[in-house]
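Trainee: What shape does this take:
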Amino acid sequence: MNGLFKSLLLIFLCYSAYGCSLFLLQREIMFPRWLVKTPPETRNTIPGLEKIWMETRQGKIETWFLLPSGELHTEKPAPAAIFAHGNAELIDFWTEEFRPLTRLGVGVLLVEYPGYGRSEGKPSQAVVTEIFTTAYDMLIRRKDVDPSRIILIGRSIGGGVICQLAAKRPAAALILMSTFTSLKSFVRKYFLPAFLLRDTFDSESVVRAYPGPVLVIHGTSDETVPYEHGLKLRDAAKKAEMMTYDGAGHNNCPPDWNAFWQEAEKFLRDAGVIRGSAAPFEPKP
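Mentor: Presented below is the predicted three-dimensional model:
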């Protein structure tokens, strides 16, 4: 009996140490900014790009605004999108993927996470939500932006970030790419109780309360955020559309961004974000 007690105590102590370690390190796991190498600042010549530094309580945060172009650029003020990227990415990686959207006459604000790239601070749910709220308020103050036609777009953990923003600010449409219902659903993977999770990013609750149209994009072979998460988000929304990409994983969904925006254009028109005649797409070489 004494040997059994010692074995159980050892297991308990090991589990407690494991749980404490993950509790303390969970934000490093959630936002592995140390894995993302910051590229040199060689992108000052990107056409139609404005670099804007925001002063926040976390320090300076870098944002990039892609100006609308194409035939619909004549409409002023124009609609605009705010994008939150995945947890192992930077805003530097996303200019080309959003060119088709700017050609539809929509501006795109890429917001960096604190501690990523050239931005200062440390990320958490509360901090990132505050920064994206600040970015939203900055965006709608622009005279060339129509505050009634703001699209919120998030990919992977960025979907969770965007949902937190949607709970605080109005938006004409919500686009969620490879997004989870809540980080609580992943806790059992680490054999831990949910109450140890400091940041839940409960996307499903926000989507359930959101009154506007929601577009869910998910790959059936997503190895990081299972396809079932996308289905649950679709079912939770009051007005939902879903694009399913058979065989697509987490990092190749959608497989073709030009084709995706062509399909998403109808969703944005139905949401009242895009008005006027269609602008021609220019396929990527």
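Trainee: so what's Thr224 up against?
Mentor: 156, 178, 249-250 (CB atoms under 8 Å, 6 or more residues apart in numbering). (C-beta placed from N, C-alpha, C; glycine too.)
Trainee: Let me have those residues in a markdown table, extended by secondary structure, distance to Ser124 and pLDDT.
Mentor: Formatted as a markdown table, the contacts of Thr224 follow (DSSP: H, G, I helix; E, B strand; the rest coil; distance: CB to CB, whole Å; pLDDT from 0 to 100):
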| residue | secondary structure | distance to Ser124 | pLDDT |
| --- | --- | --- | --- |
| Ser156 | coil | 17 | 96 |
| Ser178 | coil | 21 | 97 |
| Gly249 | coil | 27 | 96 |
| His250 | coil | 23 | 96 |
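Trainee: PyMOL command to pick out the buried ones of those residues?
Mentor: What follows is the PyMOL syntax selecting those of the contacts of Thr224 that are buried according to 16 or more other CB atoms under 10 Å:
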select buried, resi 156+178+250
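Trainee: between the contacts of Thr224, which is closest to Glu228?
Mentor: Ser178 (12.4 Å; CB to CB).
Trainee: Roughly how far does the closest one sit from Val145?
Mentor: Look at Ser178 and Val145: by CB to CB, to the nearest Å, they are 27 Å apart.
Trainee: low-scoring stretches of the stretch 151-285 of the chain, by residue?
Mentor: 189-196, 277-285 (pLDDT under 70).
Trainee: For it, just list every one of the strands.
Mentor: 173-177, 213-219, 239-245 (DSSP state E, counting those that start in this stretch).
Trainee: coming back round to it: and the contacts of Thr224 as CSV, adding distance to Gln262?
Mentor: Putting those into CSV (distance: CB to CB, whole Å) gives the following:
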residue, distance to Gln262
Ser156, 23
Ser178, 19
Gly249, 22
His250, 22
